[in-house]
Each structure stands twice: as structure tokens, then as C-alpha cells.
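>>> Need a 3D model of the sequence below.
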Amino acid sequence: MTNKRKANIRKVAAELGINRRAAATRLDAGKPPSIAQATKTSTSAIAATAAYAGPRGDAAPGVPLRELWACAAAGLLTCDGDSCGWAPIEPPPSGAPAELVERSRSAPYVQAMEQNNWATEARYALRQIGRDVATAYAESVRSGAPALCLSTAPTPVAIPEPGESVLAVDVFRTDPGWRSIGFTMSWPVSFQYRIEAGDRGFTAMAKGRRREGDGRTSHVTLSLRGRIDDAGELWTSAIDELWTSTPQPDAAGSGARS
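Residues are numbered from 1 along each chain as shown. Model prediction:
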């Protein structure tokens, strides 16, 4: 990391009152996609340093990430750098523009923060999976037998229903793929997790669904990808999120059939 980048991170952290990792994430969110979406990590580095580009798709939160960051820069919102979980600062700073205060408390902004916060479990989990894959790979390199993780079974077997959590600790502890990287979740989860691995690359995924206020169901797939280059270095990507939706059931049609 260059001295200029370190100075920029310290400045943003001080101005926004956030930790340096969150400040680095904010800076990376403003990079061109070619940079923000392909953050290199060595085998001992942490995948959590990759920039979060924000969700996309027809069911994604309606307020762009850059607008939430603008409110954060004005001291109206806070953001956790690891999970991109958002929260308003109360009371708002006395010097903040009234128009920006009103906008940050409006229904679209509140809904966008709530939707983003719903996926914090999956973002934390995928970043930890990235760390664990990197650690396991580094250990295999040191032992003289470089190898990536194994593929896993979908865990839990089915994607939890909206609003439900499933305890899948037995699968995490017994599945060869999860055991190969030492990853487990001992509490009920709201997403389904899996790893698809090959000789030189892997994709870790989390899938979940939530019921929206208008009756639609939002489906989200979060993906973290890694690959080994010709020099044996492990690269990991930023987390990618795709949100889609299905319409609410036709109540009238359902009634007619029953």
C-alpha cells in the first residue's frame, strides 16, 4: 500500500468517524469497476479488503450506493465496512444540509438501508470463507502440496424460507469441503451457502430470499470468486450481488382454485 493511499484512508476515517477498513472500502467504492472488482490478495491476505460494489438487479435497493456514501460523508449515516450495514446517526449533525437530512430519512433511503442490512450475514460469511480458503491454501503451499479447497454440498440443503433461519451446524462440521477450510456457522442461518471448486479456482455463494412490503419475493445470490494464477498466487474478487424478484401470488386466482 502506498503512503498516499494510507494518508487518504486516515483522512477519510477521521472525517467520517469510521475505522480504517470502512474508510478503505469507501474509497474503493469510487474506483472504476476494473479496479474495484478485481482486488489482488496474496495467499495470506484477507478477502474482506475487496471493495463492495453494491447490489444490482430488478429487486436491488433503489438508492445507489454512492448516494448513501454521500450521506455518510455528511455525517448522517454510518456504514460497517465488512458487511455494508447502514444506520442513521441520531441526532443528525447540526450543520448538515436540511435537504440532505430529509433525504436520508425518507422512505426510499430507509428501505434501501434495511434491504442492504438484511444481507449482512451473507457478506460476513463470504468474506470469512475467503479468508479461510486463503489460509488453507497457504498452508498447503508451505507443506509442498498446493491445493485449493474442496467443493461443498449446499448448506442447508434448501434455501431458508423468507423470515426463517435454519440450524446447519452438523453439515458444516461434517462436510469434507467445509472441513477442508475449517469454516463453520454454529447459529441458525438465513442463507444457503456452498463452494464450487476446481483445481485452480473456486466460487463461494450465498443464496437467500426475503418478502418485501408489497408482497413480492426478492431473491439474492452473492458470489465471491478466487483463482490461482500461473505464479501460484491466489486472487479473490469483490463480492458480487444479484437481486431478482418474483411477483406476489395472485390472491384472487388462489381463491378461485381453493
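
>>> quick one: average confidence on stretch 169-184?
Average pLDDT, stretch 169-184: 96.

>>> Run through who's touching it.
128-129, 132-133, 135-136, 149-153, 155-157, 185-187, 195, 197 (Cβ atoms under 8 Å, 6 or more residues apart in numbering). C-beta here means a position set from N, CA and C on the backbone, and glycine is covered the same way.

>>> Check the residues you listed for burial and list the buried ones.
128-129, 132-133, 136, 149-152, 155-156, 185, 195, 197 (16 or more other Cβ atoms under 10 Å).

>>> Which pLDDT value goes with residue 95?
For residue 95, the pLDDT comes out at 89.

>>> how many neighbours does it have?
Counted by other Cβ atoms under 10 Å, the residues lying close to residue 95 total 7.

>>> try residue 73
By other Cβ under 10 Å, 14 other residues sit near residue 73.

>>> how many neighbours does the closest residue to residue 155 other than its chain neighbours have?
Leaving aside its chain neighbours, residue 155 sits nearest to residue 171 (4.6 Å; criterion: Cβ to Cβ, 6 or more residues apart in numbering). For residue 171, the tally of surrounding residues (other Cβ under 10 Å) stands at 19.

>>> residues touching residue 158, list them.
By Cβ under 8 Å, 6+ apart, the residues touching residue 158 are residue 192.

>>> thinking again about what came up before, grab the two from the buried ones among the contacts of stretch 169-184 that are most spread out in space.
Greatest spatial distance among these (Cβ to Cβ): 136 and 156, at 22.7 Å.

>>> Kindly list the longest helix within the protein.
Longest helix of the chain, by residue count under DSSP state H: helix 120-142.

>>> Low-confidence stretches in the stretch 1-150 of the chain?
For the stretch 1-150 of the chain, the stretches flagged by pLDDT under 70 are 1-2, 4, 9-53, 81-83.

>>> Can you show me the strands along the stretch 151-258 of the chain?
Using DSSP state E, counting those that start in this stretch, the strands of the stretch 151-258 of the chain run over residues 192-197, 201-211, 217-228, 234-236, 240-246.

>>> Highest mean neighbour count out of these?
strand 234-236 (a mean of 24; mean count of other Cβ atoms under 10 Å).

>>> Give me the distance from that one to the chain's centre.
Distance of strand 234-236 from its chain centroid, counting by Cα atoms, centre = their mean, to the nearest Å, is 17 Å.

>>> Check stretch 205-221 too.
Distance of stretch 205-221 from the chain centroid (Cα atoms, centre = their mean) equals 15 Å.

>>> okay, how far is it across it, tip to tip?
Taking Cα to Cα, to the nearest Å, stretch 205-221 runs 7 Å from one end to the other.

>>> quick check: mean pLDDT across that stretch?
On average, stretch 205-221 scores 95.

>>> ok, the residue nearest the centre of the chain to residue 89 distance?
The residue lying closest to the centre of the chain (Cα atoms, centre = their mean) is residue 123, at 2.9 Å. Going from residue 123 to residue 89 by Cβ to Cβ, to the nearest Å gives 21 Å.
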